[in-house]
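[1] Need the 3D shape of this:
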Amino acid sequence: MQNANVLVAGLMLAGSFLVKAPLTAADNVVVQEQLAPGDYCHMKFPAIDPETLGTSQPRLSSGDVIDFYGPCDESPTGADQVHEQKDDDFLSRQRD
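    Presented below is the predicted three-dimensional model:
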(Lines give C-alpha, C1' and ligand atoms only; values in the text may rest on other atoms or scores of the structure.)
Protein backbone atom coordinates (compact mmCIF):
# COMPACT_ATOMS: atom_id res chain seq x y z
CA MET A 1 0.00 0.00 0.00
CA GLN A 2 2.82 2.39 0.87
CA ASN A 3 4.51 1.69 -2.49
CA ALA A 4 1.26 2.48 -4.30
CA ASN A 5 1.01 5.85 -2.50
CA VAL A 6 4.56 6.73 -3.49
CA LEU A 7 3.86 5.72 -7.10
CA VAL A 8 0.68 7.82 -7.28
CA ALA A 9 2.45 10.83 -5.73
CA GLY A 10 5.30 10.46 -8.23
CA LEU A 11 2.91 10.29 -11.19
CA MET A 12 1.05 13.38 -10.00
CA LEU A 13 4.31 15.28 -9.60
CA ALA A 14 5.48 14.24 -13.07
CA GLY A 15 2.12 15.27 -14.54
CA SER A 16 2.39 18.73 -13.01
CA PHE A 17 5.75 19.23 -14.75
CA LEU A 18 4.28 18.22 -18.09
CA VAL A 19 1.61 20.93 -17.91
CA LYS A 20 4.27 23.64 -17.61
CA ALA A 21 6.83 22.02 -19.87
CA PRO A 22 7.76 23.96 -23.00
CA LEU A 23 5.87 22.72 -26.03
CA THR A 24 7.44 22.11 -29.39
CA ALA A 25 8.42 25.49 -30.76
CA ALA A 26 7.19 25.76 -34.33
CA ASP A 27 6.70 28.59 -36.80
CA ASN A 28 9.69 30.58 -35.44
CA VAL A 29 8.34 30.56 -31.87
CA VAL A 30 11.26 31.03 -29.49
CA VAL A 31 9.37 29.97 -26.35
CA GLN A 32 6.01 28.24 -26.01
CA GLU A 33 4.81 27.21 -22.58
CA GLN A 34 1.33 25.95 -21.78
CA LEU A 35 0.24 27.79 -18.64
CA ALA A 36 -2.92 25.87 -17.80
CA PRO A 37 -4.72 22.80 -19.00
CA GLY A 38 -6.56 23.78 -22.15
CA ASP A 39 -5.49 26.34 -24.70
CA TYR A 40 -3.72 29.20 -22.84
CA CYS A 41 0.00 29.70 -23.48
CA HIS A 42 2.91 32.05 -23.01
CA MET A 43 4.95 32.48 -26.19
CA LYS A 44 7.84 34.61 -27.37
CA PHE A 45 8.46 35.08 -31.07
CA PRO A 46 10.10 37.63 -33.39
CA ALA A 47 8.05 40.67 -34.39
CA ILE A 48 6.99 41.14 -37.99
CA ASP A 49 9.28 43.35 -40.07
CA PRO A 50 7.40 46.70 -40.26
CA GLU A 51 8.12 46.95 -44.00
CA THR A 52 6.13 43.74 -44.61
CA LEU A 53 3.15 44.44 -42.32
CA GLY A 54 0.96 45.60 -45.20
CA THR A 55 1.88 42.79 -47.56
CA SER A 56 0.37 39.36 -48.14
CA GLN A 57 3.66 37.75 -47.07
CA PRO A 58 4.67 39.22 -43.67
CA ARG A 59 8.27 38.38 -42.70
CA LEU A 60 9.62 38.12 -39.19
CA SER A 61 12.34 40.54 -38.14
CA SER A 62 15.53 39.68 -36.34
CA GLY A 63 15.14 42.49 -33.79
CA ASP A 64 12.11 42.89 -31.54
CA VAL A 65 10.53 39.97 -29.72
CA ILE A 66 6.80 39.71 -28.93
CA ASP A 67 5.94 38.46 -25.43
CA PHE A 68 2.49 36.93 -25.99
CA TYR A 69 -0.07 35.45 -23.59
CA GLY A 70 -3.13 33.87 -25.18
CA PRO A 71 -4.28 30.96 -27.34
CA CYS A 72 -1.67 28.27 -27.98
CA ASP A 73 -2.45 28.24 -31.71
CA GLU A 74 -1.39 31.88 -32.28
CA SER A 75 0.81 32.31 -35.35
CA PRO A 76 3.63 34.92 -35.37
CA THR A 77 2.60 35.93 -38.91
CA GLY A 78 -1.16 35.36 -38.58
CA ALA A 79 -3.86 37.97 -39.16
CA ASP A 80 -4.21 38.73 -35.43
CA GLN A 81 -0.51 39.51 -35.06
CA VAL A 82 -0.45 41.60 -38.23
CA HIS A 83 -3.37 43.67 -36.91
CA GLU A 84 -1.86 44.07 -33.41
CA GLN A 85 1.56 45.02 -34.72
CA LYS A 86 0.10 47.50 -37.22
CA ASP A 87 -1.71 49.18 -34.33
CA ASP A 88 1.47 49.24 -32.23
CA ASP A 89 3.47 50.64 -35.15
CA PHE A 90 0.87 53.37 -35.73
CA LEU A 91 0.81 54.33 -32.04
CA SER A 92 4.59 54.47 -31.79
CA ARG A 93 4.74 56.78 -34.84
CA GLN A 94 2.16 59.06 -33.24
CA ARG A 95 4.33 59.41 -30.12
CA ASP A 96 7.44 60.30 -32.13
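
[2] Go ahead and flag the most central residue of this structure.
    residue 43 (2.0 Å; CA atoms, centre = their mean).

[3] confidence score at it?
    Per-residue pLDDT puts residue 43 at 93.

[4] where's it relative to residue 30, distance?
    From residue 43 over to residue 30 the distance is 8 Å, taken as CB to CB, to the nearest Å. C-beta: built from backbone N, CA, C; applies to glycine.

[5] strand partners of the longest strand seen in the chain, parallel vs antiparallel please.
    Using DSSP state E to define each element, the chain has its longest strand at strand 60-71. Strand 60-71 has its sheet partners listed here by DSSP bridges as strand 40-48 (antiparallel).

[6] Residue 50 and residue 90 touch, don't they?
    No. Using CB atoms under 8 Å, residue 50 is not in contact with residue 90; the gap is 10.5 Å.

[7] out of those two, which sits in the busier spot?
    The neighbour count for residue 50 versus residue 90, taken as other CB atoms under 10 Å, is higher for residue 50 (17 against 10).

[8] residue contacts, that one?
    With contact taken as CB atoms under 8 Å, 6 or more residues apart in numbering, residue 50 is in contact with 61, 85, 89.

[9] try it again with 10 Å
    Contacts for residue 50 were tallied using CB atoms under 10 Å, 6 or more residues apart in numbering; they are 58, 61, 63-64, 85-86, 88-89, 92-93.
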